[in-house]
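*Asks:* make a model of this:
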Amino acid sequence: MTSATDWTGRVGRTWAAEWQRTDRSFANLSPHLDAAIRTAAPAGPFHAIDIGCGAGATSLALADARPDATVTGLDLSADLIRTAHTRAGDRGTVTFHAGDAVAMVLQLPPADLIVSRHGVMFFADPIAAFTALRTAANSGARLVFSCFRDRRDNVWASDLIEQVTGTRPEVAPGYAPGPFGFADQAATATILESAGWTVDSATRIDFAYVAGAGPDPVADAADFFHHIGPLASALKDAADPSLDDRLKSALKRYAADGIVALPASAWIWRATATGEQP
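*Replies:* Predicted coordinates:
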């Protein structure tokens with residue numbers, strides 16, 4: 001889940017097919033991010049760019065909250081962009097485009113606000129990428145994005161894997177492209193500042209990651225993890241059929257009130273484009 005080829009191929013297709021369940025998994029985080037975005041948005045008409053917009057949830061929430069804004073959503077996956085277009089319906093103030101966001105932002109009108117829900121952790125060169133975003137932003141523009149905190153603070157990507165496979169994923173410091181690329185707060189701040197952004201804050205948000213619901217939430221969660229997240233590859237490649245039983249057994253520990261929800265944690269970063277463009 002770290003390369004452009006992944007997102008333009010199998011991973012993008014999977015996430016497009018699973019957009020309702022992936023949106024559900026972020027349902028307890030998105031209100032915090034959407035509120036931070038609304039607070040950062042300028043008064044009066046403005047242009048916002050959503051990086052790694054996926055199926056469009058964050059773009060559409062902003063467009064609905066601020067009808068005076070024009071919102072441009074960018075994502076590598078043409079499959080996800082098609083889903084976003086369908087969800088947008090006849091909203092005339094939001095558009096979606098498939099392609100390399102780093103290249104595309106420089107072709108768009110300057111941004112007054114750049115946002116992302118977990119869409120900026122996959123850049124091969126994050127300083128170059130955020131420098132491009134700064135170049136595409138007006139002076140004083142705001143940057144607001146969410147990203148996962150440490151893998152150990154996200155049970156679905158640490159304890160759950162250990163319970164199912166018997167191995168615990170390694171946690172490395174610094175940046176590496178992937179879901180936990182910006183888990184290291186100090187490293188992320190350095191990247192942003194090196195790219196011409198002034199960091200305003202990084203706020204920790206702990207939330208319940210909803211993996212399963214419906215008549216059989218455990219089975220729903222198990223199916224979800226067969227498609228989305230770090231367990232998917234292990235389950236797909238495993239020769240041991242008992243892994244699925246272990247997964248369902250582990251998920252039962254997190255089942256309550258008709259859902260399966262696992263502890264998760266994210267950062268919400270806020271930064272400002274100050275000074276001269278890089």
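*Asks:* ok, Pro263 touching Asn154?
*Replies:* Yes. At 7.4 Å, Pro263 counts as touching Asn154 under the criterion of Cβ atoms under 8 Å. For the C-beta atoms, the positions are set from N, CA and C on the backbone; glycine is no exception.
*Asks:* out of those two, which sits in the busier spot?
*Replies:* Each of Pro263 and Asn154 had its neighbours counted (other Cβ atoms under 10 Å), and the higher figure belongs to Asn154 (23 against 15).
*Asks:* state the phi and psi torsions of the more buried one.
*Replies:* phi -120, psi 100 (degrees, to the nearest 10).
*Asks:* check contacts around the closest residue to Thr203 other than its chain neighbours.
*Replies:* Nearest in space to Thr203, with sequence neighbours left out and distances taken as Cβ to Cβ, 6 or more residues apart in numbering, is Ile268 at 4.7 Å. In this structure, Ile268 makes contact with His32, Leu33, Ala36, Val144, Phe145, Ser146, Ala202, Thr203, Ile205, judged by Cβ atoms under 8 Å, 6 or more residues apart in numbering.
*Asks:* looking at this, the second one is in a strand?
*Replies:* What that stands for is Leu33. No. If the criterion is DSSP: H, G, I helix; E, B strand; the rest coil, then Leu33 is helix and not within a strand.
*Asks:* for it, which residues are in contact?
*Replies:* Applying Cβ under 8 Å, 6+ apart, one finds that Leu33 lies in contact with Thr58, Val115, Arg117, Val144, Ser146, Ile268.
*Asks:* next one: phi and psi at the closest residue to it other than its chain neighbours?
*Replies:* The shortest distance from Leu33 to any residue that is not its chain neighbour, by Cβ to Cβ, 6+ apart, is 4.8 Å, and that residue is Ser146. Backbone geometry at Ser146, expressed as degrees, to the nearest 10, gives phi -110, psi 150.
*Asks:* just list whatever residues bridge to Ser146.
*Replies:* Here Ser146 sits in beta bridges with Arg117, Ile268, as judged by DSSP bridges.
*Asks:* what's the local residue count around it?
*Replies:* The number of residues packed around Ser146, counting by other Cβ under 10 Å, is 26.
*Asks:* that one and Asn28, how far apart?
*Replies:* Relative to Asn28, Ser146 is positioned 12 Å away (Cβ to Cβ, to the nearest Å).
*Asks:* before we move on, what about Arg151?
*Replies:* Applying Cβ to Cβ, one obtains 19 Å for the distance of Arg151 from Asn28.
*Asks:* pLDDT wise, what is the residue nearest in space to the middle of the chain at?
*Replies:* Centroid-nearest residue in the chain, with Cα atoms, centre = their mean: His118, separated by 1.8 Å. pLDDT for His118: 97.
*Asks:* list the contacts for it?
*Replies:* When contacts are taken as Cβ under 8 Å, 6+ apart, His118 is in contact with Phe26, Gly52, Phe145, Ser146, Cys147, Phe148, Pro179, Ala266.
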